[in-house]
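**Student:** quick one: sequence and predicted model below, then my questions.
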There are 6 protein chains.
Amino acid sequence: MFSVEVRDRIMIAHSLPDPFFGPAQKLHGATYLVDVTFFREQLTTQNVVVDIGAALDVLGKTLKPLAYQNLDALPQFGSQLTTTEFLCKYIFDRIAEAARTGALGADGKTLSRIRVTLSETDLARASYEGAIGG
Amino acid sequence: MFSVEVRDRIMIAHSLPDPFFGPAQKLHGATYLVDVTFFREQLTTQNVVVDIGAALDVLGKTLKPLAYQNLDALPQFGSQLTTTEFLCKYIFDRIAEAARTGALGADGKTLSRIRVTLSETDLARASYEGAIGG
Amino acid sequence: MFSVEVRDRIMIAHSLPDPFFGPAQKLHGATYLVDVTFFREQLTTQNVVVDIGAALDVLGKTLKPLAYQNLDALPQFGSQLTTTEFLCKYIFDRIAEAARTGALGADGKTLSRIRVTLSETDLARASYEGAIGG
Amino acid sequence: MFSVEVRDRIMIAHSLPDPFFGPAQKLHGATYLVDVTFFREQLTTQNVVVDIGAALDVLGKTLKPLAYQNLDALPQFGSQLTTTEFLCKYIFDRIAEAARTGALGADGKTLSRIRVTLSETDLARASYEGAIGG
Amino acid sequence: MFSVEVRDRIMIAHSLPDPFFGPAQKLHGATYLVDVTFFREQLTTQNVVVDIGAALDVLGKTLKPLAYQNLDALPQFGSQLTTTEFLCKYIFDRIAEAARTGALGADGKTLSRIRVTLSETDLARASYEGAIGG
Amino acid sequence: MFSVEVRDRIMIAHSLPDPFFGPAQKLHGATYLVDVTFFREQLTTQNVVVDIGAALDVLGKTLKPLAYQNLDALPQFGSQLTTTEFLCKYIFDRIAEAARTGALGADGKTLSRIRVTLSETDLARASYEGAIGG
């Protein structure tokens, strides 16, 4: 199994309004380092998993609507708790859709799996990994 | 599959008294960076894999009896070779037990897998990954 | 010249309401990795620059009133632009005061300089360095 | 499942002569951080996955014919596009062969899997993972 | 003294044709992580050392003519040995000029010092630091 | 001012037998990442601060007598408290002597300063910087 991983980052505000989260119930924020890993069983004719430039471009476009935002005010999140885990899945869904619809090039449609990892501090991170199939 | 990973660290002394280990047969020591990853198929009702605060707390309590110790003198290790790999499994067993007995909260009992990674230098690390089921 | 450096972190929300800051004018947030470096010409009688445990404790207490906060709502910042640079100096002032008043132990009063570095992403960080003398 | 991971590095020149690669079609170069992970179901009698010293030695010997080379001029690569992904598989094949032929010690023959990861920048890396069986 | 540091990266080929450099005499390559630090005694009216966006932009424009190039073939380097140290100074000169001519904004002209650090592997890096004054 | 920095590492055991050190009074150990920075005002005729290969070699030879040792049992340390700060100065003295006596090449004698940094965990490190002049 081959993989390629690319990195970008966003700075956001949000709150986690459930007693479960203790002090993080209040409005605070985070820098998320976002690592996206693309998996493929066999390389393409150019000997790649995915075009790294296209992967960075898709990742940047996926993150742009979130960058410098207060997630509590974004309609797409409704009343969801925007935990790091939830955001991993949210970003995964958008990148998987980009792969299926050709935004990663024709070969992007045949990727087997994608993993999205968000590091919130030097001590804690979360990830979601799944098949890209719609 | 979702995961959450948390980090802590310990400084210990030990020896590896088998000719296999060359200069490491002598009493020496290590700083271990300890990364523990918790895996779960579906998020809990709070959209998390595990409470990060509880995870850091359980990890800290697991490492405390080892911190600033000479492992050669600890009865729980008997005459075992306390390699980095062995210590990964030892820490895994304690954290898996904490998960099963509710120290990570009620949801901790339904985690699917745990991985423990110990980095001994910038150039070498080991890990153990397994199901938490007792 | 000797130095000792310790690390902690905070997650905050804030806005930078000046057109200079482009998209960062909006309410957003950051994880700050906070590295504090203590400088001393000669070691103390225990061969240290400063007690690392006391240094981590003072750093933690300095950051606690900021952790999980919206800096826009904290009275101590008034209408200041809470840039990364500004926060370096703010944290520096509190840690230098702690040194002068003995919170780092008697030897803390004779430190020569302190540097505070805040990393806001993997690509950008700021610092402030100065003498501790009041 | 246990694993051990070791790190080395090489500095090489190469070109990627296919329009797919844009500016990287030209002769340029890279520092590759090379992380090799060895997997084993059960530890050996010395409580290890593999001798870390032997693993670093095999990795160093594997990389030596590539270090400070222009890959375009090396006969073993023919007209292959020496992408990061391709080089992961090339290094994997050599280390898997070393494992099968005993260069990692007698226990090296019973490793289950190997993963090779090459980081080309702080923002991009690739990997190949497979069973060692010939 | 305040500072701000930003990071970018380039991948280049070059040779170091002097027996002093041993195997690096041959055509090889490197990924350089490039960290540029800007120093200022007092913050500007926006509480910054320099506009981080402008700093990243100037750094990117400075590196673009070198990215994916064989430095041996670039006329600006003549027969100079393009060591990591030399490249630090080369990049410093261009960024200092950009500061003096206003490419970092009006406040960029009053920066006190700049430092350029190039990491060539995880084990080795070089830097040049100087005043910006022409 | 130019600089070059190189990295190596050692794993040691020691105790810090003074009540000041709390739990670290007991025999424990550490992995030290050792970064040595060499400073020079003007580059040599080969456009370098120091031969990186020679610097890594001198660093390795300096660390070898300490590697895999119990520092409490080494005669050169007598009853000194082998704190991280003390070890920075100890390693500095040996590398400065190597520079003065030509082990870094003829140009090594004209280095201006050296800094030695030891990281003991991901959260704490110490350094010593001084002129090399004997």
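**Tutor:** Nice, thanks for sending it over.
**Student:** neighbours around A:Thr45, how many?
**Tutor:** Residues near A:Thr45, counting by other C-beta atoms under 10 Å in any protein chain shown, number 9. For glycine as for every other residue, the C-beta is placed from the backbone atoms N, C-alpha and C.
**Student:** okay, and it sits in which element?
**Tutor:** If you go by DSSP states H and E, A:Thr45 is not part of any helix or strand.
**Student:** could you check how far the residue nearest the centre of chain A is from chain E?
**Tutor:** Nearest to the mean C-alpha position of chain A, counting by C-alpha atoms, centre = their mean, stands A:Ile91 at 3.3 Å. Going from A:Ile91 to chain E by C-beta to the nearest C-beta, to the nearest Å gives 23 Å.
**Student:** quick one, phi psi at that residue?
**Tutor:** phi -70, psi -40 (degrees, to the nearest 10).
**Student:** for it, give me its contacts.
**Tutor:** Going by C-beta atoms under 8 Å, 6 or more residues apart in numbering or on different chains, A:Ile91 touches A:34, A:36, A:62-63, A:116, A:118.
**Student:** again, only this time at 6 Å
**Tutor:** Listed by C-beta atoms under 6 Å, 6 or more residues apart in numbering or on different chains, the contact set of A:Ile91 reads A:62, A:116.
**Student:** same question, A:Phe2
**Tutor:** With contact set as C-beta under 6 Å, 6+ apart, A:Phe2 has these partners: A:40, A:49, D:85, D:128.
**Student:** likewise A:Ala55?
**Tutor:** By C-beta under 6 Å, 6+ apart, the neighbours of A:Ala55 are A:Val6.
**Student:** give me the pLDDT for whatever residue of chain A ends up closest to chain F.
**Tutor:** Of all residues in chain A, the one sitting closest to chain F is A:Asp122 (7.0 Å; C-beta to the nearest C-beta). For A:Asp122, the model assigns a pLDDT of 98.
**Student:** quick one: A:Ala13 is in a strand?
**Tutor:** Yes: assigned with DSSP: H, G, I helix; E, B strand; the rest coil, A:Ala13 falls within a strand.
**Student:** give the pairing partners of whatever helix or strand A:Tyr32 lives in; include direction for each.
**Tutor:** Element membership for A:Tyr32, per DSSP H and E: strand A:28-40. Here strand A:28-40 is paired, per DSSP bridges, with strand A:2-14 (antiparallel), strand A:113-121 (antiparallel).
**Student:** what is the neighbour count of the residue of chain A closest to chain F?
**Tutor:** By other C-beta under 10 Å, neighbour count at A:Asp122 equals 16.
**Student:** quick revisit: between the contacts of A:Phe2, which sits nearest chain E?
**Tutor:** Closest to chain E out of the contacts of A:Phe2 is D:Glu85 (15.8 Å), distances taken as C-beta to the nearest C-beta.
**Student:** A:Ala67: what's it in contact with?
**Tutor:** When contacts are counted by C-beta under 6 Å, 6+ apart, A:Ala67 is found next to A:Ile10.
**Student:** so it, which state does it fall into?
**Tutor:** Secondary structure, three-state DSSP: A:Ala67 is coil.
**Student:** ok, the one 5 residues further on next?
**Tutor:** Secondary structure of A:Asp72, reduced to three states by three-state DSSP: helix.
**Student:** buried ones in the strand holding A:Tyr32?
**Tutor:** Going by neighbour count (16 or more other C-beta atoms under 10 Å in any protein chain shown), the buried part of strand A:28-40 is A:28-40.
**Student:** and for stretch A:47-58?
**Tutor:** By neighbour count with 16+ other C-beta under 10 Å, stretch A:47-58 contains the buried residues A:47-52, A:54-56, A:58.
**Student:** quick one: mean pLDDT for it?
**Tutor:** On average, stretch A:47-58 scores 96.
**Student:** what of stretch A:4-14?
**Tutor:** Taken as a whole, stretch A:4-14 has a mean pLDDT of 98.
**Student:** and the pLDDT at whichever residue of chain A sits closest to chain C?
**Tutor:** Minimum separation of chain A from chain C (C-beta to the nearest C-beta) falls at A:Gly29, amounting to 1.0 Å. With respect to pLDDT, A:Gly29 has a value of 98.
**Student:** go on, the one 5 residues further on?
**Tutor:** At A:Val34, the pLDDT value in this model is 98.
**Student:** bridging residues for it?
**Tutor:** A:Asp8, A:Leu118.
**Student:** ok, it touching A:Val6?
**Tutor:** No: contact between A:Val34 and A:Val6 fails when scored by C-beta atoms under 6 Å: they sit 8.9 Å apart.
**Student:** sorry, back to before: quick one: the buried residues of strand A:28-40 as a markdown table, columns for distance to D:Leu111 too.
**Tutor:** Below are these laid out as a markdown table (distance: C-beta to C-beta, whole Å):
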| residue | distance to D:Leu111 |
| --- | --- |
| A:His28 | 45 |
| A:Gly29 | 44 |
| A:Ala30 | 39 |
| A:Thr31 | 38 |
| A:Tyr32 | 36 |
| A:Leu33 | 32 |
| A:Val34 | 33 |
| A:Asp35 | 27 |
| A:Val36 | 29 |
| A:Thr37 | 23 |
| A:Phe38 | 26 |
| A:Phe39 | 22 |
| A:Arg40 | 24 |
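**Student:** okay, how far is it across stretch A:15-22, tip to tip?
**Tutor:** Start-to-end span of stretch A:15-22 (C-alpha to C-alpha, to the nearest Å) is 11 Å.
**Student:** quick one on the thing from earlier: out of the buried residues of strand A:28-40, which is nearest to D:Ile132?
**Tutor:** Distance ranking of the buried residues of strand A:28-40 against D:Ile132, using C-beta to C-beta, places A:Phe39 first at 19.7 Å.
**Student:** still on that earlier bit, OK, contacts around the residue of chain A closest to chain C?
**Tutor:** A:13, C:12-13, C:29-30.
**Student:** gap between it and B:Gln46?
**Tutor:** Separation of A:Gly29 from B:Gln46 (C-beta to C-beta, to the nearest Å): 19 Å.
**Student:** same question, A:Ala124
**Tutor:** Counting by C-beta to C-beta, the gap from A:Ala124 to B:Gln46 is 15 Å.
**Student:** follow-up on the earlier one: now, among the buried residues of stretch A:47-58, which is nearest to chain E?
**Tutor:** Using C-beta to the nearest C-beta, the buried residues of stretch A:47-58 come closest to chain E at A:Ile52, 11.5 Å.
**Student:** pretty sure the closest one is touching D:Ala124, no?
**Tutor:** Yes: using C-beta under 6 Å, A:Ile52 makes contact with D:Ala124 at a distance of 5.3 Å.
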